[in-house]
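Colleague: from the sequence below, what's the structure:
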Amino acid sequence: MKKTCTVILSFFIGMLFVSGQGSLSQRASIAVPYNNAISSFKTSTCIDTIRYPDSKLTNLVELDSLSFNGISAYSQAYHFSGSGIIHGFNAYILLDFDNTAGNTNPIRLIASVHQLFNINTNYPNAPDLLIHTDTVDVFDVSFRDQPLMFSSPVAVTDSFVLVLELDTTALPPTLPYYGYNGYADGLGESLSWANYLGIWYNCYYDWGGAWDSDMLLSPIFEETFTTAYTVDTDTICLGESVKFTNTTLASIDTMFYTASNSYSLDLDNMNIVTPFDTNYTHTYSTEFLYNTQVMATRYGYTANCVDSAQEVVLVNDTAIADFSFVHLGGGNYQFTSTSTAANTYSWDFGDTSPLDINQNPTHTYVSSNNFTVCLTVTDSNGCNVDSVCKVVSFVLDVDDFDAADYVKIYPIPATKYFNITVPNNYYGGEIVITDVVGQELKSVEVEHQDKVKVSTEEMESGIYFVSIDFKGERVFTKRIVVNK
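Modeller: So this is what the prediction gives:
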């Protein structure tokens, strides 16, 4: 097969050199402008011109003649998986060499899409079964490409091959026409074929690698681009974490984009996570209904495709218990809950009375004591239960109780010191120590302490009297013994 192809090609090249029509090895010094302007848009359906062959160009392109007695068609393969639509393709077709557009009559060619067929390892990417064909008008647009649009979109679900060929049914104007290819820029991928005298030849393997070429046929391609992500839970309690996972299906069709997709995650709290390629775990610091969003961009050749997805995360506040209280007189107290996010309340007043479930209850103590009051709250979201405890020191008013029942002095007999317990009723009073003849030996102010320590350093062994004076009145007196 290869030997036969080489003989035919040698003849073909010699014939074209003689006729002056150009050849497969003839390279014209014509620079092809390449417009790579990027326009971004927010849509889930994207149309891009897939300029994969152009992106591989490292040199000036080559012009190859199209004629009925030589190369009458050429193809370019694209590896694809998924679902897409081909609206047409861009092609470089030169109708004359004067660099003036519109001064040569248009011609009619056949543009088609075929299934891709790998004959064997050495002959891949061949055009196979026809999917769609159309006649297209090609105009004199000088040295640039032009869109050749199909009459109706062509759906593809697998790799495909674009073919451009002469129309044998049309009355041909002056031949030849010239098609562009990227000579020596195929990178050995053998994506292109040429039809010479009715037989298809691979542009890499059939020429022993000497003509490593890609044909500059670029599909105008529409593909649905959709991004997606998940949250492991859409309702959490304040202080808990939520895990975001990017579930966007990554494209394996590397010919169809210029860079890997980019993703950013907007947490709706003035924080944007980028890149968001796999997953991210976040703990919110404020209760709120967060409208999170992922923005995804696929980078094309002439357009970027942008899509977004949204997930709502509800962060519920957690109950925090707290309260204040006010003494109303006697044994009566007003308790006020200052808890946050509380839904239920349970009060334990520390005196064996039943629990109270009111938010702001009153309570009456019937005896003096230091009572530990605890408030337990829960929230309506089932997030947590919280408790707080405070001590309420209740004693009867000075006029309502006998101080002798509450003031304690120990140890007796005293040696180096003795302690006096003082109820809070007498805070601000004074402890007075006198001898048996009533002479005052020392005095100690009662501040906000319930126990006062008195030294006996200045006292001899004997009998003394300990008194408490409060608001100009002596409310307590007791005899003690000092024994050194």
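
Colleague: give me the element the residue positioned nearest the centre of the chain is part of.
Modeller: Using C-alpha atoms, centre = their mean, the residue of the chain that lies closest to the mean C-alpha position is L265, 2.4 Å off. Assigned by DSSP states H and E, L265 belongs to strand 259-266.

Colleague: which parts of that strand are buried?
Modeller: Buried residues in strand 259-266, counting neighbours by 16 or more other C-beta atoms under 10 Å, are found at N261, S262, Y263, L265, D266. The C-beta positions use only the backbone N, C-alpha and C, and glycine is treated the same way.

Colleague: distance check, the last one against Q146.
Modeller: Taking C-beta to C-beta, to the nearest Å as the measure, D266 falls 41 Å from Q146.

Colleague: check N483 too.
Modeller: 122 Å.

Colleague: more neighbours: which of those two?
Modeller: Q146 (16 against 10; other C-beta atoms under 10 Å).

Colleague: residues in contact with that one?
Modeller: Applying C-beta atoms under 8 Å, 6 or more residues apart in numbering to Q146 gives the contacts N90, A91, I93, V138, F139.

Colleague: buried subset of the residues you listed, written for PyMOL?
Modeller: Of those, the buried ones can be selected in PyMOL as follows, counting by 16+ other C-beta under 10 Å:
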select buried, resi 90+91+93+138
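
Colleague: just the contacts of Q146: which are in strands?
Modeller: Within the contacts of Q146, residues falling in strands by DSSP state E are N90, A91, I93, V138.

Colleague: closest to F276 among these?
Modeller: F276 lies nearest to N90 out of the ones in strands among the contacts of Q146, by C-beta to C-beta, at 33.9 Å.

Colleague: surely S324 meets S339?
Modeller: No - S324 sits out of contact with S339 when judged by C-beta atoms under 8 Å, with a separation of 10.9 Å.

Colleague: who's more crowded, the two?
Modeller: Under the criterion of other C-beta under 10 Å, the comparison of S324 against S339 puts S339 first, with 21 against 11.

Colleague: tell me how far that one lies from T415.
Modeller: 51 Å.

Colleague: now N381
Modeller: Note on N381: its distance to T415, by C-beta to C-beta, is 62 Å.

Colleague: neighbour count for those two, which is higher?
Modeller: N381 (19 against 11).

Colleague: tell me where the protein has helices.
Modeller: Ranges of helices in the chain, per DSSP state H, are 2-19, 52-55.

Colleague: among the ones you listed, show the one with the smallest mean pLDDT.
Modeller: Looking at the helices of the chain, the lowest mean pLDDT belongs to helix 2-19 (a mean of 25).

Colleague: which stretches of the stretch 151-300 of the chain have low pLDDT?
Modeller: 171-175 (pLDDT under 70).

Colleague: go with 80
Modeller: Within the stretch 151-300 of the chain, the set of residues satisfying pLDDT under 80 comprises 170-184, 208-210, 250-251.

Colleague: which residues of it fall in strands?
Modeller: Using DSSP state E, counting those that start in this stretch, the strands of the stretch 151-300 of the chain run over 160-166, 177-183, 192-196, 199-202, 213-215, 217-224, 229-231, 235-237, 241-246, 259-266, 272-273, 279-283, 288-299.

Colleague: any idea which of these is most buried?
Modeller: With neighbours defined as mean count of other C-beta atoms under 10 Å, the strands of the stretch 151-300 of the chain peak in mean count at strand 213-215, which reaches a mean of 26.

Colleague: show me the contacts for L130.
Modeller: Going by C-beta under 8 Å, 6+ apart, the list of residues near L130 reads S112, V113, H114.

Colleague: redo that, cut-off 6 Å
Modeller: H114 (C-beta atoms under 6 Å, 6 or more residues apart in numbering).

Colleague: pLDDT wise, what is it at?
Modeller: 97.

Colleague: start the count at 29, not 1, going forward
Modeller: With 29 as the first residue, the last one maps to L158.

Colleague: quickly list what it is bridged to.
Modeller: As for beta bridges, L158 partners with H142 under DSSP bridges.

Colleague: what does R326 give?
Modeller: Beta-bridge partners, per DSSP bridges, of R326: C333.

Colleague: roughly how far does it sit from N332?
Modeller: 7 Å.

Colleague: can you check F351 too?
Modeller: From F351 to N332 the distance is 58 Å (C-beta to C-beta).

Colleague: repeat for D345
Modeller: According to C-beta to C-beta, D345 stands 41 Å off from N332.

Colleague: again, but for Y318
Modeller: 27 Å.

Colleague: what's around N388, how many residues?
Modeller: If we define neighbours as other C-beta under 10 Å, then N388 has 14 of them.

Colleague: how far away is it from L144?
Modeller: Applying C-beta to C-beta to N388 and L144 gives a distance of 79 Å.

Colleague: M283 now?
Modeller: 12 Å.

Colleague: more crowded one of these two?
Modeller: Using other C-beta under 10 Å as the criterion, M283 and L144 rank with L144 on top: 21 against 18.

Colleague: tell me how many other residues crowd the residue nearest to that one when sequence neighbours are not counted.
Modeller: With C-beta to C-beta, 6 or more residues apart in numbering as the criterion, L144 has its nearest non-adjacent residue at 4.2 Å, and that residue is S187. S187: 17 surrounding residues under other C-beta under 10 Å.

Colleague: contacts only, for S187.
Modeller: Residues near S187 by C-beta under 6 Å, 6+ apart: H107, F108, L144.

Colleague: and what of D296?
Modeller: Residues near D296 by C-beta under 6 Å, 6+ apart: Y318, N319, T320.

Colleague: ditto for F377
Modeller: Applying C-beta under 6 Å, 6+ apart, the residues contacting F377 are H391, V401.

Colleague: what's next to stretch 479-498, contact-wise?
Modeller: 437, 442, 444-449, 454, 457-464, 472, 502-512.
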